[in-house]
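[1] A structural model of the following input is requested.
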Amino acid sequence: MSPGVRRTSIVLLLAAFAATGCWPFGGGSADELVLAGTFEANDTHVGSLLGGRVDSVFAHEGDSVRVGDRLLTLDPSLADAQIAEQRGLLSEANAHYELVRRGPRKEDITKAKVEYDKAESDRKRLEALLSKGVVAQQQYETAAAQAASLHETYQALANGSRPEDIAAARAAVQGADARLRYLVRERREAVITAPLDGVVQTLDLRPGDLVAARQPVAVLLESGPVKVRVYVPEPRLGRVHVGQHVDLRIDSFPKRVFAGTVVEISPRAEYMPRNVQTLEQRNDQVFAVKVEAAPAPELKPGMAATATIRLAAEPAR
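    Have a look, this model is predicted:
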């Protein structure tokens, strides 16, 4: 074939692609869009607020779990000791609060009154002797000071506990109680359970292993419909909308078509991800679109998928 004939054939071939809208990289026709993507599932990182040593492991990678199923337990002995100690501190705080709230016993008040009356009687006796010059001034002043001190003690007991002392004792009880409730709640973290229905993707622990507090110990893949993220070129976005039907195909079952629905369209444009094969396509402005597949056991996270979107009518200009 001569160069002139070859050039003419290429031009005619490109003209045919342009007329049908079906490009070699699989873009689809003028009324549909064929896009590649990968099935995704939400993953959840599971951990505990309580660190410690692994006591038992109940699940393994690949296991299906339901909400509340135990994944593993931590040794609770240290947490139990802290709870026991805090219960003792709470009891002590409660006892002190009751002591302050009730105030002095009647016996203590009566005793203070007797001691004050005796001291006051001695002061008056010495005052009479002082006027006659029988006792020294210093002796009288000592008796007077003692009587005044005992009077203050009696008066304080008779008036009961100060409101400030009662409030401080009550606050101490509340603080001790809050600390106990925190420790009890933290103790429940010794049992790590599944927060959702799913499949254990990662859990590589054995009894005796140490785990840190507030760190993931397992990763769960959420059960339910899987999603495919595809990227729609900006010029075609006006013909794609939420609720639109999508045909999904996977390599494992090439003759089957799985139903899907557009559930989310990104509000912001971006450049095509770098894993796209050609540099020209990477420079295109696209919008990420999520397609949710109807539940099917054959569809698994990580599978490559081809999404065919039947485009809506051209929007009004």
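[2] which phi and psi does the residue with the largest distance to the centre of the chain have?
    Relative to the centre of the chain, and counting by C-alpha atoms, centre = their mean, the farthest-placed residue is Lys132 at 84.9 Å. Main-chain dihedrals, Lys132, degrees, to the nearest 10: phi -100, psi 0.
[3] what's it in contact with, if anything?
    Taking C-beta atoms under 8 Å, 6 or more residues apart in numbering, we find Lys132 in contact with no residue. In short, each C-beta sits where N, CA and C put it, glycine included.
[4] got the contact list for the residue lying closest to Ala312 once chain neighbours are set aside?
    Leaving aside its sequence neighbours, Ala312 sits nearest to Arg239 (C-beta to C-beta, 6 or more residues apart in numbering; 4.7 Å). Contact criterion C-beta under 8 Å, 6+ apart gives Leu311, Ala312, Ala313, Glu314, Pro315 as the residues in contact with Arg239.
[5] ok, now Leu49?
    Taking C-beta under 8 Å, 6+ apart, one finds Glu186, Glu189, Ala213, Arg214 in contact with Leu49.
[6] How many neighbouring residues does the nearest residue to it once chain neighbours are set aside have?
    Once flanking residues are discounted, Leu49 sits nearest to Glu189: 4.5 Å by C-beta to C-beta, 6+ apart. Using other C-beta atoms under 10 Å, Glu189 is surrounded by 18 other residues.
[7] now Val232
    22.
[8] name the element it belongs to?
    strand 227-233 (DSSP states H and E).
[9] Show me what that strand is in contact with.
    33, 35-41, 240, 248, 260, 263, 265, 272-273, 284-293, 305, 307, 309.
[10] Same question for stretch 189-202.
    43-44, 46-50, 52, 55, 59-76, 79, 217-224.
[11] measure that stretch end to end?
    Stretch 189-202 has an end-to-end distance of 19 Å (C-alpha to C-alpha, to the nearest Å).
[12] And the residue nearest to Leu49, its phi and psi?
    phi -70, psi -10.
[13] per-residue pLDDT, it?
    Listed pLDDT for Glu189 reads 94.
[14] how close does it get to Gly47?
    9 Å (C-beta to C-beta, to the nearest Å).
[15] need the strands for the stretch 1-150 of the chain, in chain order.
    32-40, 43-48, 52-57, 64-65, 70-74 (DSSP state E, counting those that start in this stretch).
[16] Rounded mean pLDDT for the longest one, please.
    For strand 32-40, the mean pLDDT works out to 89.
[17] Show me what it is packed against.
    Packing contacts for strand 32-40, counted by 3 or more C-beta pairs under 8 Å, 6 or more residues apart in numbering; DSSP states H and E, involve strand 227-233, strand 304-310.
[18] Phi, psi for Ala41 please.
    Dihedral angles for Ala41 - degrees, to the nearest 10 - are phi -140, psi 150.
[19] so who does the residue lying closest to it once chain neighbours are set aside touch?
    Leaving aside its sequence neighbours, Ala41 sits nearest to Pro301 (C-beta to C-beta, 6+ apart; 4.0 Å). For Pro301, the contact set (C-beta under 8 Å, 6+ apart) comprises Phe39, Glu40, Ala41, Leu221, Val226.
[20] show me where the stretch 51-200 of the chain has helices.
    Remark: helices assigned in the stretch 51-200 of the chain by DSSP state H, counting those that start in this stretch are 77-102, 106-131, 137-159, 163-188.
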